[in-house]
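> using only what follows, build the 3D model:
(chains A and B)
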Amino acid sequence: DIQMTQSPSSMSVSLGDRVTITCRASQDIGNYLSWYQQKPEKSPKLMIYGATNLEDGVPSRFSGSRSGSDYSLTINSLESEDTGIYFCLQHKQYPPTFGAGTKLELK
Amino acid sequence: EVQLVESGGGLVQPGRSMKLSCAASGFTFSSFPMAWVRQAPTKGLEWVATISTSGGSTYYRDSVKGRFTISRDNAKSTLYLQMNSLRSEDTATYYCTRVRLRRVHEGDYYVMDAWGQGASVTVSS
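Reported below is the predicted structural model:
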(Lines give C-alpha, C1' and ligand atoms only; values in the text may rest on other atoms or scores of the structure.)
Protein backbone atom coordinates (compact mmCIF):
# COMPACT_ATOMS: atom_id res chain seq x y z
CA ASP A 1 0.00 0.00 0.00
CA ILE A 2 1.08 3.59 -0.59
CA GLN A 3 1.91 5.35 2.67
CA MET A 4 1.03 9.01 3.10
CA THR A 5 3.18 10.69 5.75
CA GLN A 6 1.48 13.86 6.90
CA SER A 7 3.08 16.63 8.94
CA PRO A 8 2.77 18.26 11.32
CA SER A 9 0.27 16.28 13.39
CA SER A 10 -0.96 19.48 15.01
CA MET A 11 -0.47 23.21 14.74
CA SER A 12 -1.38 26.07 17.02
CA VAL A 13 -1.96 29.08 14.82
CA SER A 14 -3.17 32.68 14.92
CA LEU A 15 -5.75 34.44 12.84
CA GLY A 16 -4.14 35.85 9.72
CA ASP A 17 -1.30 33.31 9.71
CA ARG A 18 -0.11 31.57 6.58
CA VAL A 19 -0.34 27.82 7.25
CA THR A 20 1.22 24.96 5.31
CA ILE A 21 0.49 21.25 5.79
CA THR A 22 2.45 18.59 3.93
CA CYS A 23 1.98 15.00 2.84
CA ARG A 24 4.75 12.85 1.45
CA ALA A 25 3.90 9.84 -0.69
CA SER A 26 5.90 6.62 -0.40
CA GLN A 27 5.47 5.94 -4.13
CA ASP A 28 4.69 7.97 -7.21
CA ILE A 29 1.07 9.12 -7.13
CA GLY A 30 1.24 11.79 -9.80
CA ASN A 31 -1.36 14.41 -8.99
CA TYR A 32 -3.87 11.89 -7.56
CA LEU A 33 -4.00 13.71 -4.26
CA SER A 34 -6.92 15.35 -2.50
CA TRP A 35 -7.22 17.38 0.69
CA TYR A 36 -10.14 17.22 3.12
CA GLN A 37 -11.19 19.34 6.08
CA GLN A 38 -13.08 17.78 8.96
CA LYS A 39 -14.81 19.73 11.71
CA PRO A 40 -15.66 18.09 15.07
CA GLU A 41 -18.56 15.66 14.78
CA LYS A 42 -18.87 16.40 11.06
CA SER A 43 -18.06 14.50 7.90
CA PRO A 44 -15.01 15.42 5.80
CA LYS A 45 -15.27 18.15 3.20
CA LEU A 46 -13.33 18.08 -0.07
CA MET A 47 -11.07 21.13 -0.39
CA ILE A 48 -8.52 20.35 -3.10
CA TYR A 49 -8.34 17.65 -5.78
CA GLY A 50 -5.78 16.77 -8.42
CA ALA A 51 -3.17 18.20 -6.01
CA THR A 52 -3.78 21.80 -7.06
CA ASN A 53 -7.43 22.25 -8.01
CA LEU A 54 -9.77 24.11 -5.70
CA GLU A 55 -13.13 22.42 -5.15
CA ASP A 56 -16.18 24.51 -5.99
CA GLY A 57 -17.15 26.82 -3.16
CA VAL A 58 -13.85 26.56 -1.28
CA PRO A 59 -12.36 29.98 -0.43
CA SER A 60 -9.46 31.12 -2.58
CA ARG A 61 -7.20 31.46 0.47
CA PHE A 62 -6.79 27.67 0.19
CA SER A 63 -4.32 26.31 -2.35
CA GLY A 64 -2.53 23.06 -3.13
CA SER A 65 0.90 22.44 -4.57
CA ARG A 66 3.30 19.63 -5.38
CA SER A 67 7.05 19.30 -5.29
CA GLY A 68 8.12 15.83 -6.30
CA SER A 69 6.55 13.42 -3.82
CA ASP A 70 5.66 16.22 -1.39
CA TYR A 71 2.18 17.70 -1.51
CA SER A 72 1.18 20.81 0.39
CA LEU A 73 -2.01 22.49 1.44
CA THR A 74 -1.58 26.19 2.17
CA ILE A 75 -4.04 28.51 3.85
CA ASN A 76 -3.29 32.18 3.33
CA SER A 77 -4.52 34.50 6.05
CA LEU A 78 -6.14 31.95 8.34
CA GLU A 79 -9.69 32.60 9.49
CA SER A 80 -11.37 31.16 12.56
CA GLU A 81 -13.58 28.89 10.46
CA ASP A 82 -10.47 27.14 9.10
CA THR A 83 -9.78 25.27 12.33
CA GLY A 84 -10.29 21.52 12.25
CA ILE A 85 -8.45 18.45 11.06
CA TYR A 86 -7.02 18.23 7.56
CA PHE A 87 -6.36 14.94 5.78
CA CYS A 88 -4.65 14.17 2.52
CA LEU A 89 -5.78 11.24 0.37
CA GLN A 90 -4.00 9.47 -2.47
CA HIS A 91 -6.14 7.70 -5.04
CA LYS A 92 -3.51 6.73 -7.59
CA GLN A 93 -4.00 3.07 -6.80
CA TYR A 94 -6.04 0.79 -4.58
CA PRO A 95 -6.30 0.93 -1.69
CA PRO A 96 -6.75 4.69 -1.45
CA THR A 97 -4.84 5.82 1.63
CA PHE A 98 -5.21 8.84 3.88
CA GLY A 99 -2.62 10.78 5.80
CA ALA A 100 -2.92 10.64 9.60
CA GLY A 101 -4.29 14.16 9.78
CA THR A 102 -3.20 17.61 10.95
CA LYS A 103 -5.17 19.28 13.72
CA LEU A 104 -5.31 23.04 13.31
CA GLU A 105 -6.13 24.97 16.49
CA LEU A 106 -6.14 28.63 17.37
CA LYS A 107 -3.62 29.85 19.93
CA GLU B 1 -28.83 19.56 -3.00
CA VAL B 2 -26.76 16.38 -2.78
CA GLN B 3 -27.73 14.32 0.26
CA LEU B 4 -26.38 11.04 1.55
CA VAL B 5 -28.09 9.60 4.62
CA GLU B 6 -26.69 6.51 6.29
CA SER B 7 -28.71 4.19 8.50
CA GLY B 8 -28.41 0.80 10.13
CA GLY B 9 -25.61 1.36 12.62
CA GLY B 10 -25.58 0.41 16.28
CA LEU B 11 -24.13 -2.05 18.76
CA VAL B 12 -23.37 -5.57 17.57
CA GLN B 13 -21.56 -8.52 19.12
CA PRO B 14 -18.28 -9.81 17.68
CA GLY B 15 -18.86 -12.39 14.99
CA ARG B 16 -22.34 -11.11 14.15
CA SER B 17 -23.57 -9.23 11.08
CA MET B 18 -24.88 -5.77 10.33
CA LYS B 19 -26.06 -4.04 7.16
CA LEU B 20 -25.64 -0.33 6.53
CA SER B 21 -27.71 1.59 4.04
CA CYS B 22 -27.11 4.96 2.41
CA ALA B 23 -30.03 6.76 0.79
CA ALA B 24 -28.93 9.19 -1.90
CA SER B 25 -30.83 12.17 -3.28
CA GLY B 26 -30.20 15.36 -5.21
CA PHE B 27 -28.23 13.70 -8.02
CA THR B 28 -28.47 10.86 -10.54
CA PHE B 29 -27.31 8.04 -8.29
CA SER B 30 -26.78 5.53 -11.09
CA SER B 31 -24.20 7.79 -12.77
CA PHE B 32 -21.71 7.81 -9.90
CA PRO B 33 -19.43 5.20 -8.37
CA MET B 34 -19.88 5.10 -4.61
CA ALA B 35 -17.66 4.22 -1.67
CA TRP B 36 -17.59 3.58 2.06
CA VAL B 37 -14.96 5.16 4.29
CA ARG B 38 -14.69 4.57 8.03
CA GLN B 39 -13.18 6.37 10.98
CA ALA B 40 -12.44 4.64 14.25
CA PRO B 41 -13.02 6.73 17.40
CA THR B 42 -10.43 9.53 17.62
CA LYS B 43 -8.59 8.01 14.64
CA GLY B 44 -7.99 8.87 11.02
CA LEU B 45 -9.91 7.96 7.91
CA GLU B 46 -9.76 4.53 6.26
CA TRP B 47 -11.17 3.59 2.89
CA VAL B 48 -13.31 0.44 3.03
CA ALA B 49 -14.82 -0.32 -0.37
CA THR B 50 -15.83 1.14 -3.73
CA ILE B 51 -18.48 0.06 -6.24
CA SER B 52 -18.87 0.98 -9.89
CA THR B 53 -21.96 2.62 -11.33
CA SER B 54 -23.53 -0.67 -12.41
CA GLY B 55 -22.32 -2.61 -9.40
CA GLY B 56 -20.35 -4.91 -11.68
CA SER B 57 -17.00 -3.93 -10.18
CA THR B 58 -16.20 -3.79 -6.49
CA TYR B 59 -13.00 -3.12 -4.56
CA TYR B 60 -12.21 -3.78 -0.90
CA ARG B 61 -9.44 -3.17 1.57
CA ASP B 62 -7.68 -6.37 2.54
CA SER B 63 -8.90 -6.37 6.15
CA VAL B 64 -12.57 -6.59 5.11
CA LYS B 65 -12.25 -8.74 1.99
CA GLY B 66 -14.42 -11.83 2.32
CA ARG B 67 -16.37 -10.34 5.24
CA PHE B 68 -17.89 -7.15 3.82
CA THR B 69 -19.97 -6.75 0.67
CA ILE B 70 -20.71 -3.42 -0.99
CA SER B 71 -23.75 -3.30 -3.23
CA ARG B 72 -26.20 -0.84 -4.69
CA ASP B 73 -29.79 -0.60 -5.90
CA ASN B 74 -29.89 2.08 -8.55
CA ALA B 75 -33.69 1.93 -8.76
CA LYS B 76 -33.85 2.87 -5.09
CA SER B 77 -30.82 5.22 -5.15
CA THR B 78 -29.40 3.30 -2.23
CA LEU B 79 -25.93 2.04 -1.37
CA TYR B 80 -25.36 -0.85 1.04
CA LEU B 81 -22.59 -2.35 3.11
CA GLN B 82 -23.19 -5.86 4.41
CA MET B 83 -20.75 -6.57 7.22
CA ASN B 84 -20.31 -10.15 8.42
CA SER B 85 -18.03 -11.71 11.02
CA LEU B 86 -17.59 -8.34 12.67
CA ARG B 87 -14.54 -7.70 14.84
CA SER B 88 -13.81 -5.13 17.51
CA GLU B 89 -11.45 -3.39 15.09
CA ASP B 90 -14.40 -2.71 12.78
CA THR B 91 -15.77 -0.29 15.38
CA ALA B 92 -16.00 3.05 13.59
CA THR B 93 -18.21 5.67 12.04
CA TYR B 94 -18.96 4.56 8.50
CA TYR B 95 -19.37 7.25 5.86
CA CYS B 96 -21.07 6.82 2.52
CA THR B 97 -19.36 8.87 -0.20
CA ARG B 98 -20.05 9.80 -3.80
CA VAL B 99 -17.21 9.38 -6.25
CA ARG B 100 -17.24 12.07 -8.89
CA LEU B 101 -15.13 12.47 -12.00
CA ARG B 102 -13.46 15.86 -12.12
CA ARG B 103 -11.93 16.73 -15.50
CA VAL B 104 -9.24 19.38 -15.57
CA HIS B 105 -6.70 20.25 -18.23
CA GLU B 106 -4.00 18.04 -16.78
CA GLY B 107 -6.11 14.97 -16.25
CA ASP B 108 -9.18 13.19 -14.91
CA TYR B 109 -9.62 12.63 -11.19
CA TYR B 110 -12.17 10.51 -9.37
CA VAL B 111 -12.75 12.22 -6.06
CA MET B 112 -14.97 11.52 -3.06
CA ASP B 113 -16.78 14.82 -3.21
CA ALA B 114 -19.87 14.29 -1.09
CA TRP B 115 -20.14 12.52 2.25
CA GLY B 116 -22.99 11.40 4.46
CA GLN B 117 -23.21 12.27 8.14
CA GLY B 118 -21.97 8.82 9.11
CA ALA B 119 -23.36 5.73 10.84
CA SER B 120 -21.79 4.57 14.07
CA VAL B 121 -20.96 0.87 14.38
CA THR B 122 -19.77 -0.52 17.70
CA VAL B 123 -18.61 -4.13 17.85
CA SER B 124 -18.53 -5.27 21.45
CA SER B 125 -19.80 -8.04 23.67
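
> leaving out sequence neighbours, find the closest residue to the closest residue to chain A within chain B.
Residue nearest to chain A within chain B: residue B:115 (3.9 Å; CB to the nearest CB). (Glycine included, C-beta is placed from N, CA and C.) Nearest non-adjacent residue to residue B:115, counting by CB to CB, 6 or more residues apart in numbering or on different chains: residue A:43, 3.9 Å away.

> ok, the one you found - contacts?
Residue A:43 is in contact with B:95, B:115-118, counting by CB atoms under 8 Å, 6 or more residues apart in numbering or on different chains.

> one more time with 10 Å, if that's ok
A:36, B:4, B:6, B:37, B:39, B:93, B:95-97, B:114-118 (CB atoms under 10 Å, 6 or more residues apart in numbering or on different chains).

> farthest pair in these?
Pairwise distances across the contacts of residue A:43 peak at 17.6 Å for A:36 and B:6 (criterion: CB to CB).

> those two: which is more packed in?
Per other CB atoms under 10 Å in any protein chain shown, whichever of residue A:36 and residue B:6 has more neighbours is residue A:36, with 27 against 23.

> shouldn't that one be within a strand?
Yes - under DSSP: H, G, I helix; E, B strand; the rest coil, residue A:36 falls within a strand.

> distance of the residue lying closest to it once chain neighbours are set aside relative to residue A:68?
Spatial nearest neighbour of residue A:36, excluding adjacent residues (CB to CB, 6+ apart): residue A:44 at 4.0 Å. Per CB to CB, to the nearest Å, residue A:44 is found 26 Å from residue A:68.

> ditto for residue A:97
Using CB to CB, we find residue A:97 at a distance of 18 Å from residue A:68.

> without its sequence neighbours, what residue ends up closest to residue A:90?
Nearest residue to residue A:90, sequence neighbours excluded (CB to CB, 6+ apart): residue A:29, at 4.5 Å.

> who's in contact with residue 90?
Here I'm looking at chain A. Contact partners of residue A:90, counting by CB under 10 Å, 6+ apart, are A:1-4, A:23, A:25-27, A:29-30, A:32-34, A:51, A:71, A:96-99.

> not what I meant, chain B
Residue B:90 neighbours (CB under 10 Å, 6+ apart): B:12, B:14, B:18, B:38, B:40, B:48, B:63-64, B:67-68, B:83, B:121-123.
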